[in-house]
Structures are given as C-alpha cells and as structure tokens.
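**Q** Sequence first, then the predicted structure:
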Amino acid sequence: MLVKVYGSAVFGIEATTITIEVNIDKGIGYHLVGLPDKAVSESSYRISAALNNNAYKLPGKKIIINMAPADIRKEGASYDLSLAMGILAASNQIKSETINEYIIMGELSLDGSLQPIRGVLPMAIKAREEGFKYFILPKENAKEAAIVDNLTVLGVENILEVINHFNGDKKIEPTIVDTRAEFYKNIDFPEFDFSDVKGQESIKRCMEIAAAGGHNIILIGPPGSGKTMLAKRLPSILPPMTLHEALETTKIHSVVGKTKNNGLLYQRPFRSPHHTISNVALVGGGQYPRPGEISLSHNGVLFLDELPEFKREVLEVMRQPLEDRDVTISRAKFTVTYPCSFMLVASMNPSPSGFFNDPNSPMTSSPQEMQRYLSKISGPLLDRIDIHIEVTPVPFEKLSEERKGESSVAIRKRVTASREIQSARFEEFENVHYNAQMTVKQIRKFCKLSPESLSLLKTAMEKLNLSARAYDRILKVSRTIADLADVTDISPDHIAEAIQYRSLDRDGWLG
C-alpha cells in the first residue's frame with residue numbers, strides 16, 4: 001500500500017514542504033531514498049524501538065520510502081515521527097483518511113517520547129501558506145508554532161498520542177496562543193534600565209542619538225568607565241519591535257533552536273560574542289549553513305567588546321553585511337541568504353594598557369604603542385561606524401549619588417518619536433527606514449544645510465583635519481539630532497554636536 005505523509009525542511013530561514021512516500025510490498029528490506037543524511041538514514045532503528053515499546057511493530061515486509069523532492073538534502077532526526085506515521089498508515093496500523101491534511105515533524109526517543117526540533121516557525125508559516133490544516137510536533141515546540149494563525153497546532157509528548165489521535169481513540173488538544181495579546185503585553189519590560197547608570201550624561205545622550213537614527217557606535221575608554229554597562233542597556237531604549245520584526249527575528253532564532261518553549265521573541269536581541277569567535281560563527285556558514293551572530297542580532301544589537309582583540313579577518317567579513325544588511329552564503333549546490341540588519345556597538349580601550357593619556361594612572365602607553373593597537377581596526381570598518389565617543393571614568397561623587405538617572409522608558413519615548421519622523425520621511429523608499437540607512441543621494445536630499453551650518457562644517461573639516469569619510473557621517477548624525485529636537489532644518493548646533501562624535505577621525509587624537 002502507498003501512503004503520502006508530509007514533513008518540512010528549512011533552508012536559510014524559509015521552509016520547503018517534503019512529501020514522504022511510503023510503499024509497503026511483498027518482500028523484506030528497508031530502503032530510504034531521497035538524499036537523506038546519516039541522521040535520517042538511522043531513523044529506522046529509532047522508529048523500530050519506539051514502536052516496539054508502545055505495542056506496535058515495524059512490518060516485516062519490503063518498505064520503500066522516498067523523500068521528495070529528491071534533489072534537496074534532508075538533515076537531522078526531525079523526520080522520525082513523519083516516517084513512523086507513514087509506515088503505520090501504509091501497513092494499516094492507523095487510520096489514514098485525513099493524514100494528507102497534516103504536517104508531521106518530531107524526533108523520536110527509543111521509548112516513543114518526542115524531542116524538540118529546530119526551525120518550527122518557518123515550517124508553520126509554510127504549512128499555512130500551502131493550505132495544511134494541522135501541524136503535529138513535539139509539545140516543547142507547540143507554543144512557537146501556535147504563533148501562526150489559521151493553523152491548528154497539536155503538541156504531543158509521545159508517539160502513542162499521535163496514533164490514538166488518528167485512530168479516533170483520544171484527540172490531541174490544540175495549542176492556542178493569542179499572539180497579539182502576548183506580544184503587546186511583553187514589549188515594555190526591558191531587563192536593563194538606563195536609570196541604573198550613574199553620571200555619564202553625555203554618553204547617554206550619545207546612545208540616545210545612536211538609537212534614534214540606528215547609527216553604529218564605538219565607545220573608547222579605560223577599564224571600568226561603564227562601556228559594557230551602557231551597551232547592555234541600549235536595547236532598552238530602541239523602539240519596541242513591530243509584530244513583523246518579532247516574527248522575522250523569531251524565525252532566525254528558531255532555525256538554530258534557540259526559541260524552545262518561549263514562542264515569539266518580544267525584546268530586541270542583544271548578542272555579545274567573545275573575541276575568539278571565528279568568521280563562520282560571526283557571519284554564518286558551515287557545511288550545512290546556519291545563521292551566525294550577525295543574523296541572530298537582526299533587528300537588535302551586536303556588541304563587540306574589546307574590538308581590537310578580535311582577529312582582523314573576522315572583523316573584515318562584517319564589512320559587506322554592515323552595508324547590505326543581509327549576508328549570502330554560497331555553496332556548490334545551493335545558496336542561502338540571511339537578513340542581518342543590526343546596530344553595531346563596539347567598545348575598546350584607548351591603548352594596550354587601557355590608560356593612555358591618563359595622568360592619574362601609573363600604567364601608560366606611548367603614542368607608537370597606541371597607534372599599533374588602533375591599527376588592528378581597518379579604516380573601511382571604521383568608515384561604517386557613524387559615532388565615535390570617548391568614555392571617561394565616573395567620579396566618586398556621581399557613583400555615590402542616591403538619585404537615579406532618567407529611565408529607559410522616558411528615553412525610548414523620544415527615540416520612538418524620532419523614528420516615526422524618519423519612517424514618514426523614507427516612506428517611498430523600500431529598504432530605508434531610518435537615517436543610518438541613507439544613501440549619498442538621500443543625504444543630499446534630506447540633509448540640506450544653511451550657509452551658516454555649511455560654513456561651520458567647512459571650518460571643522462579644515463581645523464580638525466577630519467577625513468573625507470567623516471563628512472557624510474556628520475550629516476547623517478546631525479539629521480538624527482534635528483529629528484530628536486523635532487525640527488525640519490539642520491542648524492549649526494546640530495552640526496557642532498555631530499562633529500564631536502568623530503573622535504577617531506580627528507587628527508591629533510593620539511596626542
């Protein structure tokens with residue numbers, strides 16, 4: 001008897017429906033075809049043990065299973081449940097009249113219990129698009145799949161529950177999640193708050209500007225000055241994610257199995273990889289490509305602490321993704337593209353000792369040592385960082401103050417209002433949503449300067465020996481400062497403030 005059961009495979013962050021054709025005929029043997037990998041090929045042992053331990057059996061006949069389309073490689077143990085149900089249906093051990101309405105996925109243990117799988121959200125979205133009514137999967141993944149509406153999600157703990165469901169003995173209760181209610185209930189509770197930060201008012205202002213315009217930022221200062229503390233609180237002042245952004249971000253985390261039973265991601269991601277990271281782990285890839293840290297930071301923040309300690313080649317692979325906001329990984333037989341629209345926040349000490357030019361510290365570094373240290377970061381990478389700011393240690397008087405600083409909620413309101421202005425400005429442009437994404441043509445259109453502002457910028461470029469690359473960056477940042485002030489025209493004050501945020505471009509910064 002021939003039966004068709006449906007599963008799903010994930011490539012990039014999109015799913016493809018897999019048709020599992022099971023034919024049982026006279027003879028003996030188990031033949032699995034359709035480009036399965038080692039884990040899929042080993043499924044017969046898990047299926048046989050799981051069925052035996054639940055009073056069912058693998059039929060002693062010739063079993064031929066084809067996983068179509070046959071030119072797509074099938075990976076992992078997540079097809080165990082779909083293969084098992086196909087075998088049971090083809091051998092008439094379960095009723096299979098409606099089995100074509102289901103997507104079935106799950107990894108079997110030898111006792112028949114189910115292990116969680118990866119990539120559930122893309123699978124659920126694809127199932128709904130292709131008109132499937134039901135999705136059977138491990139219970140731990142059910143909440144994530146239930147994000148998708150117009151699809152009945154059935155979470156199970158054991159293969160016996162699925163068998164009883166098809167035989168009509170006991171129906172599986174569907175998992176129901178009110179996605180919108182859950183989403184809007186959880187978006188306003190950041191883990192870290194700017195009110196915890198003592199002093200550093202100028203740096204907070206700088207972080208607010210970066211968040212409002214989506215600008216990449218680098219913090220330069222001695223150890224203990226608060227760089228990491230400030231960076232960790234940046235997501236708390238970014239505008240709340242839209243439902244579309246949350247779904248897109250959850251899809252990426254689902255592919256690498258980082259959602260588990262959490263369902264939808266409500267907060268913007270904050271990723272902080274160690275400086276020993278490889279370039280594949282950062283941008284994604286591998287023999288069977290997976291998203292890297294830059295894609296896991298999509299719609300959030302990527303924090304690179306101690307930037308000069310990262311390998312130069314690792315930092316250089318970020319140049320193209322920072323510009324294009326997606327990364328394409330090519331292999332001989334396929335190509336996958338992962339989105340990676342993130343804010344880069346980097347921090348570094350000003351010298352190997354960490355205390356360059358600090359008269360109060362016994363540890364000093366020469367200008368030559370500092371130059372070598374900074375040369376680990378290439379000019380093209382710095383070119384993609386809009387804001388450079390020096391962070392100074394907080395004095396004792398500020399640290400011992402009882403008064404709390406301004407909360408993240410208050411700062412976020414201003415940032416969100418600024419982003420709304422930018423969204424309206426760039427409404428006609430498909431891939432531009434905030435100031436940091438502006439092209440040269442858009443800078444010329446939306447960053448027009450008065451004669452006074454132009455004169456100030458010209459003087460600054462000449463007196464401070466600012467590089468040519470600083471010109472467009474200053475205009476972008478000044479546009480954001482103007483948006484925060486809710487004014488249409490860029491004034492000399494906005495230009496003057498933006499000029500302060502180009503420390504590494506300033507000639508003589510080394511002392």
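**A** Yes, it's here.

**Q** quick one: average pLDDT of the helix or strand harbouring residue 473?
**A** Using DSSP states H and E, residue 473 sits in helix 469-484. Helix 469-484 shows an average pLDDT of 91 in the prediction.

**Q** tell me which residues in that helix are buried?
**A** Neighbour counts using 16 or more other CB atoms under 10 Å place 470-484 of helix 469-484 among the buried residues. To be clear about C-beta, it is placed using only N, CA and C from the backbone, and glycine gets the same treatment.

**Q** Out of those residues, the closest to residue 158 would be?
**A** Using CB to CB, residue 480 is the member of these that lies nearest residue 158, at 54.8 Å.

**Q** Skipping its backbone neighbours, what lies nearest the closest one in space?
**A** Spatial nearest neighbour of residue 480, excluding adjacent residues (CB to CB, 6 or more residues apart in numbering): residue 213 at 3.2 Å.

**Q** Hmm, residue 478 and the one you found touching each other?
**A** No: Residue 213 is beyond contact range of residue 478, at 9.9 Å (criterion: CB atoms under 8 Å).

**Q** Let me know the pLDDT of the closest residue in space to residue 401 that isn't next to it in sequence.
**A** Of all residues not flanking residue 401 in the chain, residue 198 sits nearest, at 6.1 Å (CB to CB, 6+ apart). pLDDT recorded at residue 198 is 80.

**Q** Could you find the closest non-adjacent residue to residue 411?
**A** Closest to residue 411 by CB to CB, 6+ apart is residue 237, at 4.5 Å.

**Q** just to revisit the earlier point, what sits against the residue nearest to residue 480?
**A** 386, 418, 422, 434, 435, 436, 476, 477, 479, 480, 483 (CB atoms under 8 Å, 6 or more residues apart in numbering).

**Q** Who are the packing partners of the top helix by length along the chain?
**A** As assigned by DSSP state H, the longest helix anywhere in the chain is helix 408-425. Contact here means 3 or more CB pairs under 8 Å, 6 or more residues apart in numbering; DSSP states H and E; on that basis helix 408-425 packs against helix 201-213, helix 469-484.

**Q** Skip ahead from it and say which helix or strand is next.
**A** helix 440-446.

**Q** For that next one, output the C-alpha coordinates as PDB.
**A** Extracted as PDB, the C-alpha positions of helix 440-446 are listed here (Å, rounded to 0.1, in the frame of the first residue of the first chain):
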ATOM      1  CA  VAL A 440      24.500  59.500  -0.700                       C
ATOM      2  CA  LYS A 441      21.600  60.600  -2.900                       C
ATOM      3  CA  GLN A 442      19.200  60.700   0.000                       C
ATOM      4  CA  ILE A 443      21.800  62.600   2.200                       C
ATOM      5  CA  ARG A 444      21.900  65.300  -0.400                       C
ATOM      6  CA  LYS A 445      18.100  65.500  -0.500                       C
ATOM      7  CA  PHE A 446      17.300  65.300   3.200                       C
END
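
**Q** Which other helices and strands does the helix or strand just after it contact?
**A** Moving toward the C-terminus from helix 440-446, the next helix or strand (DSSP H and E) is helix 451-463. Where contact means 3+ CB pairs under 8 Å, 6+ apart, helix 451-463 is packed against helix 469-484, helix 492-500.

**Q** tell me how far the last one is from the chain's mean position?
**A** So that's helix 492-500. 33 Å (CA atoms, centre = their mean, to the nearest Å).

**Q** list the buried ones in that helix?
**A** 492, 494, 495, 496, 497, 498, 499, 500.

**Q** May I have it as PDB, with CA atoms only?
**A** Output in PDB follows, covering the C-alpha atoms of helix 492-500 (Å, rounded to 0.1, in the frame of the first residue of the first chain):
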ATOM      1  CA  PRO A 492      24.700  74.900  13.300                       C
ATOM      2  CA  ASP A 493      24.100  73.500  16.800                       C
ATOM      3  CA  HIS A 494      23.200  70.100  15.400                       C
ATOM      4  CA  ILE A 495      26.300  70.100  13.100                       C
ATOM      5  CA  ALA A 496      28.500  71.100  16.100                       C
ATOM      6  CA  GLU A 497      27.200  68.300  18.200                       C
ATOM      7  CA  ALA A 498      27.700  65.700  15.400                       C
ATOM      8  CA  ILE A 499      31.300  66.900  14.900                       C
ATOM      9  CA  GLN A 500      32.100  65.900  18.500                       C
END
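
**Q** avg pLDDT for that helix?
**A** 92.

**Q** now swap in stretch 420-433 and tell me
**A** For stretch 420-433, the per-residue pLDDT averages 90.

**Q** One more: stretch 50-67?
**A** On average, stretch 50-67 scores 94.

**Q** can you give me the helices for the stretch 51-200 of the chain?
**A** Counting by DSSP state H, counting those that start in this stretch, the stretch 51-200 of the chain has helices at residues 80-90, 120-129, 139-145, 159-167, 179-186.

**Q** any idea of the mean pLDDT for the longest one?
**A** In this case it means helix 80-90. Averaged across helix 80-90, pLDDT comes to 96.

**Q** quick one, that helix and helix 159-167 angle?
**A** Helix 80-90 runs at 40 degrees relative to helix 159-167, counting by axes from the mean of the first three to the mean of the last three CA atoms, to 10 degrees.

**Q** neighbouring contacts of helix 80-90?
**A** Helix 80-90 has contacts (CB under 8 Å, 6+ apart) with 1-7, 18, 20-24, 32, 43, 46-47, 50-51, 56, 58-59, 63, 65, 94, 96, 99, 104-108, 114, 136, 159, 162-163, 166.

**Q** Could you identify the buried members of those residues?
**A** 3-7, 18, 20-22, 24, 32, 43, 46-47, 50-51, 56, 58-59, 63, 65, 94, 96, 99, 104-108, 114, 136, 159, 162-163, 166.

**Q** so of the residues you listed, which ones are in strands?
**A** Among the buried ones among the contacts of helix 80-90, DSSP state E puts 3-7, 18, 20-22, 24, 32, 63, 65, 104, 107-108, 114, 136 in strands.

**Q** Relative to residue 76, how far out is the residue nearest the centre of the chain?
**A** What sits nearest the mean C-alpha location of the chain, by CA atoms, centre = their mean, is residue 296, with 2.6 Å. For residue 296, the distance to residue 76 equals 19 Å [CB to CB, to the nearest Å].

**Q** one step back: could you single out the most deeply buried of the helices of the stretch 51-200 of the chain?
**A** Greatest average neighbour count among these goes to helix 80-90 (a mean of 27), per mean count of other CB atoms under 10 Å.

**Q** Is residue 143 in contact with residue 175, as I believe?
**A** Yes: using CB under 8 Å, residue 143 and residue 175 qualify as a contacting pair, with a distance of 6.3 Å.
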